[in-house]
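Peer 1: give me the fold of what follows.
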Amino acid sequence: MTNEKQGYSCLSASIFAILFTEGCQKAYYSTMEKFGVHKRDIMVDRVEEARDSQQEAKEQFKSFLDQVLYLKHNLNAQAIASLQSELGTVESDIADLIKEMEKSIGEANSFIRTMLEE
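Peer 2: Numbers count the residues shown, from 1 in each chain. Here you go, the predicted model:
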């Protein structure tokens, strides 16, 4: 098969997958609305789940920091000295990650409040 034919086959398969997925989503939302569950409620639930997952991950990273402290106290001084620069980088990266997660969680909470007020 030539590259051009392969490209058309790939494109056709992609378009079919998109249309099939979209059709399934429409059927799902239509069925849920028949049972009184609106798209907005489904979206709020999904955002809440994502927010909760981020909150759990944030807590695990904070406990990754507890593990760093444990290692700091239990390794010998020479090992600590060799890891000190790397430790500072890791701690800084984790702190940045936690800040970003808190920002995302805050935005999720704001979105949920907005959706529930409507």
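
Peer 1: what ranges does the protein have for its helices?
Peer 2: 3-34, 39-74, 77-117 (DSSP state H).

Peer 1: relative orientation of the longest one and helix 39-74 in degrees?
Peer 2: When you say that, I think you mean helix 77-117. In terms of direction (axes from the mean of the first three to the mean of the last three C-alpha atoms, to 10 degrees), helix 77-117 departs from helix 39-74 by 160 degrees.

Peer 1: show me what helix 77-117 is packed against.
Peer 2: Helix 77-117 sits against helix 39-74, with contacts defined as 3 or more C-beta pairs under 8 Å, 6 or more residues apart in numbering; DSSP states H and E. For the C-beta atoms, the positions are set from N, CA and C on the backbone; glycine is no exception.

Peer 1: okay, buried residues for the helix it packs on please.
Peer 2: Neighbour-count burial for helix 39-74, with 16 or more other C-beta atoms under 10 Å as criterion, is recorded at 44, 47, 51, 54, 58.

Peer 1: so which of these is the closest to residue 118?
Peer 2: Of all those, residue 118 sits closest to residue 44, with 10.2 Å by C-beta to C-beta.
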